[in-house]
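# This is a predicted model, with the sequence first.
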Amino acid sequence: MKGEALIQMGRQLKNVKTVEESISIDFISRIADLIYIEQNIKSMLKKALKLVLDLTGFRIGYIHRIDGKTQRLRLYAQQGLSKEYQDEIEDIHLAESIPGRAAKGKKPIIVKNLTEVTDLLGTITQKGKMMYHASFPLEFGDQILGTLSLTTDQKEKLTRNKVELLVALAKQISVALGNRDLFDKICQAKSEWENAIDSLSDLIIICDDQFRILKANKLLFDRYGYLLENVVDRDCDEILYNDKTFPLSMYDYRRMVRAGMSFAEEVNSPRFDGIFAITISPLLNMERQLIGSIHIIKEVTETRQLEMERRDLGDLITCMTDGLVEMDERGSIRTWDRGAENLLGYSEKDVKGKFLDKVVLSEESGESYDEFLARVCADRHVEEFETEGLTKDGKAIPLSLTLGAKHNHQGEILGITGFIRDIRDRKESEQKQIQTAKDLAVEGVLRKVSNFFENTLEDILDRLDLEVGDSKEGGRKEGLKGIEEAALKGVAMVGKLRKFAKEGTEKEFSRVSTQHLFKELISLIREKWAEDIESKGIQVEVSEDQRKLPPIPGDKGELREALLHIISNAMESMGPGGKLTLKSRTDRHWITISITDTGIGMRQEEKRRAFDPFYSSRGPEREGLGLTLSQWIVRRHGGEIFIESERDRGTTVMLKLPVSKEEGFEDR
């Protein structure tokens with residue numbers, strides 16, 4: 001910068017005499033030196049002003065700088081001005097006075113014969129009997145930094161060479177000011193940058209183009225224990241990227257950086273016992289040549305642990321069968337978690353702002369839920385309520401609601417927190433326990449009743465044989481035959497009771513071909529219910545597993561009887577145009593046979609009592625033992641029987657039976 005300024009000034013002074021030229025260049029060189037020697041800008045301007053006055057012969061001079069905020073000229077340096085004059089020109093508005101006009105117009109202003117000048121500086125120079133007043137703008141690029149002003153009482157003319165010299169001096173001072181401003185901004189930016197990177201929680205390291213360490217933030221010592229002076233000019237691989245500190249993978253990061261690309265990798269550090277994310281980016285000049293690299297090392301141990309915990313928690317929530325719901329004091333849903341969505345099928349968007357009982361509870365639960373909610377809001381206790389809920393697809397399931405109200409210090413309700421729990425397994429277990437107890441109790445009673453009726457009916461039949469043999473009257477004989485038929489029906493009923501009472505369970509099982517049993521069952525349906533199929537237009541659809549059904553251990557007659565009881569109920573439940581569907585499915589362990597009808601279906605209470613002995617939804621004339629016996633037979637074969645039914649939507653009964661362990665299945 002200094003050399004360029006001198007060359008330019010040399011061109012401007014080409015018409016100056018040899019002696020004057022030598023003196024001028026000497027003074028200009030001394031002004032240029034001030035730029036690099038003086039750290040204080042006011043001191044630099046004061047010395048520069050003195051050199052200008054000595055060179056030009058002016059007696060008084062002063063330098064203004066423009067305040068960037070107020071856009072006014074402020075006095076920075078002066079020589080030869082009295083205190084009175086200093087106060088008057090301390091602060092000047094742009095376009096005001098000779099310096100102001102020079103700054104605003106960006107052109108030098110030279111005034112002689114000041115008797116007609118009436119502005120501030122004109123007054124000052126008139127009082128001082130000055131003959132000349134010259135102001136030069138201090139311009140750096142397109143920016144005006146201030147003005148250089150000179151006055152003299154000498155009568156000699158300002159020669160063109162001297163004016164050009166003053167212009168050159170003003171430019172040199174402009175360069176000094178501009179460079180000083182740039183230097184100050186650079187120093188400020190450097191300080192701000194250092195403070196910024198020192199405040200970061202990441203390690204920042206700057207290397208040269210040979211990957212030698214030049215600079216690092218204070219984390220290098222605070223966290224990693226390295227003193228900067230001990231690592232400067234050392235290879236970063238020696239200090240950082242080694243097996244003990246930050247072992248990078250086989251990828252050559254240097255090759256990537258030299259190619260102008262960034263490198264990123266996460267590593268486990270044996271020395272610092274954690275996970276670190278390392279990013280290395282190239283620093284390129286305007287010609288895209290590598291001049292260095294910046295290395296950012298960030299510890300992400302806690303972040304990765306939190307992410308892992310979050311994933312585990314997410315997996316746990318996804319698998320949760322319990323739901324969490326937040327409601328306001330009226331029972332309107334505020335939040336609805338993933339567990340509740342998994343359980344009932346509704347998303348938070350589906351239920352937010354709606355009342356819990358209107359969305360997920362069956363109509364039968366409404367009144368009792370209202371009472372329960374009122375009790376929860378009134379008390380400060382957590383209450384549990386068992387009810388029936390409805391999934392989004394309309395399926396009814398038993399639920400347990402546990403609700404608790406949150407109150408503030410004034411006793412006002414802030415909201416209600418609730419847990420929704422699926423209690424199907426518990427209800428099924430309870431139902432099995434009840435059924436087992438019921439079966440045991442009924443079994444004992446039925447055994448005694450069946451023994452009593454069997455003996456009584458046998459006695460009646462023996463006596464009837466004698467009476468029928470001795471009777472010669474036709475009418476009396478017919479009456480006795482009717483009594484005999486009724487007694488035989490009673491014997492058949494006792495046989496069924498004996499089965500339910502678990503008599504005859506000592507009978508050994510044999511291998512039953514379910515393939516033949518299923519085909520035989522289809523033939524029996526078409527024979528036994530041929531009239532219903534034809535008169536009602538009932539369709540019979542069969543869907544068999546494509547694989548050969550394996551054999552099962554059991555009693556073929558009992559299994560056929562169990563299936564026929566179910567089919568009989570299905571045929572009776574359907575009106576004209578109904579459809580009966582039989583399906584068989586198998587895997588390596590179980591055979592599942594399902595029988596579906598499009599009949600009237602069951603209410604929840606009917607479905608709950610479907611396997612109860614002597615219970616029938618079709619009237620008191622029914623025995624109510626068909627499904628009871630079917631369940632007993634299936635369980636005696638080590639299987640289970642299930643019912644899915646909705647009113648006016650039909651019923652599906654599924655039998656699940658174990659495959660014989662002696663032989664698996666084979667593909668058809």
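Everything's here; your move.
# for stretch 99-113, which positions count as buried?
Across stretch 99-113, burial judged by 16 or more other CB atoms under 10 Å covers P99, G100, R101, A102, A103, K104, P108, I109, V111. From N, CA and C alone the C-beta is placed, and that goes for glycine too.
# what's the neighbour count on the residue lying closest to the last one once chain neighbours are set aside?
It refers to V111. Leaving aside its sequence neighbours, V111 sits nearest to H133 (CB to CB, 6 or more residues apart in numbering; 4.7 Å). Under the neighbour criterion other CB atoms under 10 Å, H133 is assigned a count of 26.
# what about H133, which SS state?
Following DSSP: H, G, I helix; E, B strand; the rest coil, the label given to H133 is strand.
# got it, and the one 3 residues further on?
Reduced to three states with three-state DSSP, the structure at F136 is strand.
# shouldn't it be in contact with A102?
Yes. Applying CB atoms under 8 Å, one finds F136 in contact with A102, separated by 6.6 Å.
# tell me, what's touching those two both at once?
Between them, F136 and A102 share the neighbouring residues P108, T147, S149, with contact defined by CB atoms under 8 Å, 6 or more residues apart in numbering.
# Nearest to S630 among the residues you listed?
Nearest to S630, judged by CB to CB, of these is T147 at 112.5 Å.
# surely the closest one meets E96?
No. Counting by CB under 8 Å, T147 does not reach E96; the two are 11.9 Å apart.
# The two: which has the busier surroundings?
Here T147 and E96 are set side by side on neighbour count (other CB under 10 Å), and the busier one is T147, at 27 against 16.
# Which per-residue confidence value corresponds to the closest residue in space to the more buried one that isn't next to it in sequence?
The spatially closest residue to T147, leaving aside those adjacent along the chain, is P99, at 4.2 Å (CB to CB, 6+ apart). Reading off the per-residue confidence, P99 sits at a pLDDT of 88.
# ok, now I92?
At I92 the predicted local distance difference test score is 85.
# In space, what's closest to it - neighbours in sequence excluded?
L73 (4.2 Å).
# a strand runs through the one you found, doesn't it?
Yes. Secondary structure of L73, determined by three-state DSSP: located in a strand.
# Next one: it relative to V360, how far apart?
In this structure, L73 and V360 are separated by 79 Å, where distance is defined by CB to CB, to the nearest Å.
# pretty sure the residue nearest to V111 contacts P99?
No. Taking contact to mean CB under 8 Å, the distance of 9.4 Å between H133 and P99 leaves them out of contact.
# Who are the contact partners of G577?
Residues in contact with G577 (CB under 8 Å, 6+ apart) are K536, G537, I538.
# hmm, try it at 10 Å
When contacts are counted by CB atoms under 10 Å, 6 or more residues apart in numbering, G577 is found next to K536, G537, I538, Q539, T598.
# Now render those as CSV, adding distance to L228, secondary structure and neighbour count.
As requested, these are exported to CSV (distance: CB to CB, whole Å; DSSP: H, G, I helix; E, B strand; the rest coil; neighbours: other CB atoms under 10 Å):
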residue, distance to L228, secondary structure, neighbour count
K536, 96, coil, 15
G537, 95, coil, 12
I538, 93, coil, 21
Q539, 89, strand, 13
T598, 85, coil, 20
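# right, and out of those residues, which lies closest to S429?
Using CB to CB as the measure, the one of the contacts of G577 that approaches S429 most closely is T598, at 31.8 Å.
# you'd agree the closest one is up against V540?
No. T598 sits out of contact with V540 when judged by CB atoms under 10 Å, with a separation of 11.9 Å.
# quick one: common contacting residues for those two?
By CB under 10 Å, 6+ apart, the residues touching both T598 and V540 are G578, K579, L580, T581.
# which stretch of helix or strand covers G146?
Counting by DSSP states H and E, the element that carries G146 is strand 143-152.
# In terms of secondary structure, what does that strand contact?
In terms of contact count using 3 or more CB pairs under 10 Å, 6 or more residues apart in numbering; DSSP states H and E, strand 143-152 is assigned the packing partners helix 41-56, strand 60-66, strand 72-79, helix 97-105, strand 109-112, helix 120-127, strand 132-140, helix 160-199.
# how does it look with 8 Å?
Packing contacts for strand 143-152, counted by 3 or more CB pairs under 8 Å, 6 or more residues apart in numbering; DSSP states H and E, involve helix 41-56, strand 60-66, strand 72-79, helix 97-105, strand 132-140, helix 160-199.
# And the contacts of stretch 588-601?
Around stretch 588-601, the neighbours that count as contacts under CB under 8 Å, 6+ apart are 514, 518, 549-550, 552, 563, 566-567, 570-575, 578-586, 645-659, 664-665.
# what about burial for those, which qualify?
When burial is judged by neighbour count using 16+ other CB under 10 Å, the buried members of the contacts of stretch 588-601 are 514, 518, 549-550, 552, 563, 566-567, 570-571, 573-574, 578, 580-586, 645, 650-657, 659, 665.
# In helices, which of these appear?
For the buried ones among the contacts of stretch 588-601, membership in helices holds for T514, F518, L563, I566, I567, A570, M571, S573, with DSSP state H as the criterion.
# ok, so of those residues, who is nearest D198?
Sorting those by how near they are to D198, with CB to CB, puts T514 at the top with 79.8 Å.
# Can you list the low-confidence ranges for the stretch 201-350 of the chain?
Residue ranges of the stretch 201-350 of the chain with pLDDT under 70: 250-251, 310, 312-321.
# mind listing the helices for it?
219-222, 228-231, 236-239, 253-258, 301-319, 338-344, 348-351 (DSSP state H, counting those that start in this stretch).
# who touches the residue nearest to I92 in this structure?
The neighbours of L73, taking CB under 8 Å, 6+ apart as the test, are 64-67, 91-94, 99-100, 103, 146-147.
# could those residues go into CSV alongside distance to A264?
Shown next, in CSV, are the contacts of L73 (distance: CB to CB, whole Å):
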residue, distance to A264
H64, 53
R65, 48
I66, 47
D67, 47
D91, 56
I92, 57
H93, 56
L94, 53
P99, 57
G100, 57
A103, 53
G146, 49
T147, 54
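# Excluding sequence neighbours, find me the nearest residue to Q143.
For Q143, the nearest residue in space outside its immediate sequence neighbours is G178; the separation is 7.6 Å by CB to CB, 6+ apart.
# Give me the pLDDT value at the one you found.
In this prediction, G178 has a pLDDT value of 82.
# what about it, how many neighbours?
G178, neighbours per other CB under 10 Å, totals 18.
# I'd guessed it sits against D142; true?
No. Counting by CB under 8 Å, G178 sits too far from D142 to count as a contact (11.1 Å).
# contacting residues around stretch 373-382?
If you take CB under 8 Å, 6+ apart as the criterion, stretch 373-382 is touched by E329, G331, D357, E383, T402, L403, G404, A405, H407, I413, I416.
# Need the three-state assignment for the last one.
Translated: I416. Note that with three-state DSSP, the state of I416 is strand.
# can you pull the pLDDT of it?
Note on I416: pLDDT of 87.
# From I591, how far out is it?
Computed with CB to CB, the distance linking I416 and I591 is 48 Å.
# and this protein, what are its domains?
Following automatic domain parsing, one finds the domains of the chain at 2-185, 200-305, 320-422, 428-500, 510-658.
# and E194, which of the ones you listed is closest to it?
Comparison of these against E194 by CB to CB identifies domain 200-305 as nearest, at 7.7 Å.
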